[in-house]
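> Model the structure of this input:
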Amino acid sequence: MNKSIIALLLLLCFIKVAGQNPTSDSLQIKNPVKFKYQSLVIPSVLIGFGVVGLESHALKQLNTSTRNEIAEHIDTKITVDDFSQYSPFVSVYALNALGIEGRNNFTDRTIILGSAALIMGGTVNIIKLTTNVERPDGSSLNSFPSGHTATAFMGAEFLYQEYKDVSVWYGITGYIVATGTGLFRMYNNRHWLTDVATGAGIGILSTKIAYWVHPWIKNIFYKDKEDISGTILPLCDGKNYGLGIIMTF
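Sure thing, here's the model as predicted:
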């Protein structure tokens, strides 16, 4: 599919949510997500698995054997992961544009998503720069952790939190897509198993943290804001793809 067509389709998905001007009443937080220690278990296990894998010979062998097993069935690279990493959180805005309301309004969920993206992106890039793990295809030394997978699982948890009260299947679908993204990162020989596991953990945890701190962010930075509008636009430079969020205060 032509890249410009993909960008246009993404843009059309957001026309309905772009430029909304919520009142001060709509900025009130509905059902804030409370911190629970149990929520740390799964992302901590995933991150811990990857961190141990940096030094564990057994896990390094598991990485290699997994890569070799996948390589036996690879005929050609499939770059769907370049797009699927964004689809879980894009789905939140698409569903809202279709009239299926989630947990938060446009402003609150966008602030939460932006917070999650900052936490996830900062964490992933710092770790990449400090660990210098070579990719399976030998192309660079920034394999650990997987940024694509972190983005996908960040979005999957975002989709789950926004729509779990509507139907748990929205969240399950998001996690299926995120898992597929991680598998395709290994299929395309771009990441090791431990890279993908750690990316998933970071993505999930980043979104959880964003929901936990959202009330505090609102009280500190947006308490007196009565007119906030925003829009989301697809970005494409011919090689890279992404989404830009513009907020007006």
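> low-scoring pLDDT stretches of this protein, where are they?
Applying pLDDT under 70 to the chain flags the ranges 1-31, 75, 222-249.
> The lengthiest helix in it packs against which elements?
The residue-count maximum for a helix in the chain (DSSP state H) belongs to helix 193-221. Here helix 193-221 touches helix 41-53, helix 57-71, helix 106-131, helix 147-163, helix 168-187, going by 3 or more C-beta pairs under 8 Å, 6 or more residues apart in numbering; DSSP states H and E. (Each C-beta comes from the backbone N, C-alpha and C, glycine too.)
> buried residues in stretch 60-69?
Of the residues in stretch 60-69, 63, 66-67 count as buried by neighbour count, 16 or more other C-beta atoms under 10 Å.
> I209: which of the helices and strands packed on helix 193-221 is closest?
helix 106-131 (5.7 Å; C-beta to C-beta).
> That closest one to helix 41-53, inter-axis angle?
Put simply, helix 106-131 runs at 20 degrees to helix 41-53, going by axes from the mean of the first three to the mean of the last three C-alpha atoms, to 10 degrees.
> List the buried residues for helix 106-131?
106-113, 115-117, 119-121, 123-124, 127-128, 131.
> which one of the buried residues of stretch 60-69 sits closest to V177?
T66 (20.8 Å).
> Find the nearest non-adjacent residue to the closest one, please.
L193 (4.8 Å; C-beta to C-beta, 6 or more residues apart in numbering).
> How much space separates K36 from I42?
As judged by C-beta to C-beta, to the nearest Å, K36 and I42 stand 12 Å apart.
> So the two - more neighbours on which side?
I42 (14 against 10; other C-beta atoms under 10 Å).
> which ones are touching that one?
Neighbouring residues of I42 by C-beta atoms under 8 Å, 6 or more residues apart in numbering: 201, 204.
> re the thing from before, could you redo the helices and strands packed on helix 193-221 as a markdown table and give each row distance to H214?
Shown next, in a markdown table, are those (distance: least, C-beta to C-beta, whole Å):
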| stretch | distance to H214 |
| --- | --- |
| helix 41-53 | 18 |
| helix 57-71 | 35 |
| helix 106-131 | 5 |
| helix 147-163 | 10 |
| helix 168-187 | 18 |
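> Which stretch among the ones you listed approaches W212 most closely?
When those are compared by C-beta to C-beta, helix 106-131 sits nearest W212, at 9.9 Å.
> Give the other helices and strands that that closest one contacts.
So helix 106-131, by 3+ C-beta pairs under 8 Å, 6+ apart, packs with helix 87-97, helix 147-163, helix 193-221, strand 229-236, strand 241-248.
> try it again with 7 Å
In terms of contacts (3 or more C-beta pairs under 7 Å, 6 or more residues apart in numbering; DSSP states H and E), helix 106-131 is packed against helix 147-163, helix 193-221, strand 229-236, strand 241-248.
> how many neighbours does the residue nearest to T66 have?
Around L193 there are 24 residues (other C-beta under 10 Å).
> wait, what's in contact with it?
Contact analysis of L193 by C-beta atoms under 7 Å, 6 or more residues apart in numbering lists 62-63, 66, 186.
> So which of the residues you listed is the closest to V90?
Each of the contacts of L193 was scored against V90 by C-beta to C-beta, and M186 proved nearest at 23.0 Å.
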